[in-house]
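Student: structure for this input, please:
(chains A and B)
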Amino acid sequence: MGMLEVQKVTKNFLAQDTQQEFCVFKNVSLEVREGEYLSVLGHSGCGKSTLLNIIAGIDSQSDGYVFLDEREVSGPGLDRMVVFQNFALMPWMTVFGNIRLAVKAAHPEWERKKVAECVQRYIDMVGLSGAENKRPVTLSGGMRQRVGIARAFAVNPRMLLLDEPFAQIDALTRGVIQEELVRMWQETGITIFMVTHDVDEAIYLSDRILLMSPGPEAKIMDEIVIDIPRPRTRETIIEHPGYYDIRNRIIRFLSRKKKDELTKKAA
Amino acid sequence: MTKINEHAWMVLCLVFLLGFLFFWHLFTASTDTLPGPIAVGKASWFFLSDPLYDNGPNDKGMAILALYSLFRLLVGFVSATVVAVFLGVLLGLNKVLFKAMNPYIQVLRAISPIAWMPLLLYTVQDSGITALLVIFMASLWPTLASTAFGVNNIKKDYLSVANILQMSPVTKLFKVILPAAGPTIVAGMKISMGSAWVALVPAEALLGSLGLGYFIWNEWNNLSLPNVMFAILVIGVVGVVIDMIFTRLADRLAFVE
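Tutor: The predicted structure is shown next:
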């Protein structure tokens, strides 16, 4: 049994305009193993972020179960920290304040000094030293997501849930932060569940990729094990003999589904 | 050229003032009914030269009267703000409750606070407390409505973060909800304060509670129109100062997403 078990989870919601029940995804089952980096890859709108929110406990499923360490997940908790696509930093707080908010929530009994030391450690870990007293609005997208990542690591959760964490970061910075994330993942041995629509990002980061079909009634269609050895770098990974096989397989899956959709629309 | 433009408004502002004083003088000198600027200036000088004198209940310096009014304003406004923010947060977090209460809020906020006065006076049988309650009523609705609106419009992500971090309701209120809705709440408080300041003058005048409004009514009964005009000026200036304080506060709480 995996550390995180998603069992036959279905999400329906009522469309506001037509008042009709709409099935986002149906009977989705998956497991995330301890220490693993698992990604769910799919088109925009296939419901992968909704799935992540259900695992995080900030959205609720219509049917099915989510278990973490064999206990059912019924709400949000400090054991599952989310890194948001749009960072979700409190704009009225400084970098330091944002991370302190998380540390104090996780350790209400700690005294001021211990909290401050912990916050500083994670700020240093993501390379934000010197930006402690800046407001998020003055930072670039990459810097903001570093704060988001530091905040998630700072409470020392059982697992991280990454919701398209690099989608709003410029391409050059993205690579650097991905490398840092892999380093932190390996150093801490934490378990990561990520949703993304970026093929190269998924291959570079993941141990396993699950492919999700487009909605409505989206399903997990395929599983790809990325056996490219680590440490991977962005330069060497593309020279690995298996890389393009994996990449083509994913691209074929994504474009086939897209084509089906188009022919359906044309007919 | 730019140098001239930068100061143009100041010059024009002064021209307007001098023009106003000139026509005021011309008008009052020809009709001989209203006091002219010179009479009002004399009255102003009299009150400003000794703002703190105290010759018994009906003859106090202008600063003392202003402090009476401000104290009354502060007590009524602060208590109303506490109630309004508390209720506003509850309504803002619960859409059903908000929809159910909204019609009543809209009706209640449309009622002039002075309209409540007979009812309040009859109920509490005390003019001082009635004046406070009028200020309370005047301050309540704008803050309540904008707090509910501000809390209702907090970005969902902030609340998600608070929930994931499993904050206690109190921590969530003070660390996330109030700061996130802070600018909207202060905007409402600013309107509340304006409406309270406007309600204060008739409330004091009608209830005979010591303060600027009472002074105006007293001087009207004495037919000292220069004094009435000076008091009007003081009310305007104090109102502007209060408004500036809230603008400052709003600037401090403002944030860019």
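Student: show the contacting residues for the closest residue to chain B within the stretch 151-267 of chain A.
Tutor: Proximity of the stretch 151-267 of chain A to chain B (C-beta to the nearest C-beta) peaks at A:Val155, 7.3 Å away. C-beta: built from backbone N, CA, C; applies to glycine. By C-beta atoms under 8 Å, 6 or more residues apart in numbering or on different chains, the residues touching A:Val155 are A:78, A:81, A:102-103, A:105-106, B:165.
Student: any idea of the pLDDT on A:Lys258?
Tutor: A:Lys258 is assigned a predicted lDDT (pLDDT) of 58.
Student: sorry, back to before: tell me which two of the contacts of A:Val155 sit farthest apart.
Tutor: The two members of the contacts of A:Val155 with the most space between them (C-beta to C-beta) are A:Met81 and A:Val103, at 11.9 Å.
Student: from A:Ala167, how far out is A:Asn141?
Tutor: Slight slip there: residue A:141 is Gly, not Asn. Counting by C-beta to C-beta, to the nearest Å, the gap from A:Gly141 to A:Ala167 is 10 Å.
Student: swap in A:Ile190?
Tutor: Applying C-beta to C-beta to A:Ile190 and A:Ala167 gives a distance of 21 Å.
Student: okay, strands next: where are they in the stretch 151-257 of chain B?
Tutor: Taking DSSP state E, counting those that start in this stretch as the criterion, the stretch 151-257 of chain B contains no strands.
Student: what parts of it come near chain A?
Tutor: The stretch 151-257 of chain B has residues B:155, B:157-158, B:160-161, B:163-167, B:171, B:175-176, B:179-180, B:182, B:253, B:255-257 near chain A, with proximity defined as C-beta under 8 Å from any C-beta of the partner chain.
Student: mind running it again at 7 Å?
Tutor: Within the stretch 151-257 of chain B, the positions near chain A by C-beta under 7 Å from any C-beta of the partner chain are B:157-158, B:160-161, B:163-167, B:175-176, B:179, B:255-257.
Student: take these and keep only those in helices.
Tutor: Among those, the ones falling in helices (DSSP state H) are B:157-158, B:160-161, B:163-164, B:179.
Student: hmm, which two among these are most spread apart?
Tutor: Spatially, the most separated pair among those is B:Ile164 and B:Pro179, at 17.6 Å (C-beta to C-beta).
Student: tell me which of those two has more neighbours.
Tutor: Taking neighbours as other C-beta atoms under 10 Å in any protein chain shown, B:Ile164 and B:Pro179 compare with B:Ile164 leading, 26 against 19.
Student: the more buried one against A:Asp79, yeah?
Tutor: No. Between B:Ile164 and A:Asp79 there is no contact under C-beta atoms under 7 Å: 9.7 Å.
Student: which residues does the closest residue to B:Asn227 other than its chain neighbours contact?
Tutor: Nearest residue to B:Asn227, sequence neighbours excluded (C-beta to C-beta, 6 or more residues apart in numbering or on different chains): B:Glu219, at 4.1 Å. B:Glu219 sits next to B:227-228, B:231 when contact means C-beta atoms under 7 Å, 6 or more residues apart in numbering or on different chains.
Student: redo the residues you listed as a markdown table? Include neighbour count and pLDDT.
Tutor: Listed next are the contacts of B:Glu219 as a markdown table, based on neighbours: other C-beta atoms under 10 Å in any protein chain shown; pLDDT from 0 to 100:
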| residue | neighbour count | pLDDT |
| --- | --- | --- |
| B:Asn227 | 23 | 89 |
| B:Val228 | 20 | 91 |
| B:Ala231 | 27 | 90 |
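Student: buried residues, stretch A:199-210. List them.
Tutor: The neighbour-count check on stretch A:199-210 (16 or more other C-beta atoms under 10 Å in any protein chain shown) flags A:199-210 as buried.
Student: between those, which sits nearest A:Ala15?
Tutor: Out of those, the member with the shortest distance to A:Ala15 (by C-beta to C-beta) is A:Leu210, at 26.4 Å.
Student: my guess is the closest one contacts A:Val40. True?
Tutor: Yes. Assessed by C-beta under 7 Å, A:Leu210 is found in contact with A:Val40 at 4.8 Å.
Student: ranges for the helices of the stretch 51-200 of chain A?
Tutor: Under the criterion DSSP state H, counting those that start in this stretch, helices of the stretch 51-200 of chain A are mapped to A:95-106, A:112-125, A:141-154, A:171-188, A:199-205.
Student: in the helix or strand containing A:Asn27, which residues are buried?
Tutor: Assignment of secondary structure by DSSP states H and E places A:Asn27 within strand A:21-32. For strand A:21-32, a neighbour-count test (16+ other C-beta under 10 Å) marks A:24-26, A:28, A:30, A:32 as buried.
Student: same check on stretch B:172-182?
Tutor: Within stretch B:172-182, the residues that count as buried by 16+ other C-beta under 10 Å are B:172-173, B:175-182.
Student: please produce JSON lines containing these, extended by pLDDT.
Tutor: JSON lines is the format used below for the buried residues of stretch B:172-182 (pLDDT from 0 to 100):
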{"residue": "B:Lys172", "pLDDT": "95"}
{"residue": "B:Leu173", "pLDDT": "95"}
{"residue": "B:Lys175", "pLDDT": "94"}
{"residue": "B:Val176", "pLDDT": "96"}
{"residue": "B:Ile177", "pLDDT": "96"}
{"residue": "B:Leu178", "pLDDT": "96"}
{"residue": "B:Pro179", "pLDDT": "95"}
{"residue": "B:Ala180", "pLDDT": "96"}
{"residue": "B:Ala181", "pLDDT": "96"}
{"residue": "B:Gly182", "pLDDT": "94"}
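Student: and the furthest pair within these?
Tutor: By the measure C-beta to C-beta, B:Lys172 and B:Gly182 form the most distant pair in these, at 14.4 Å.
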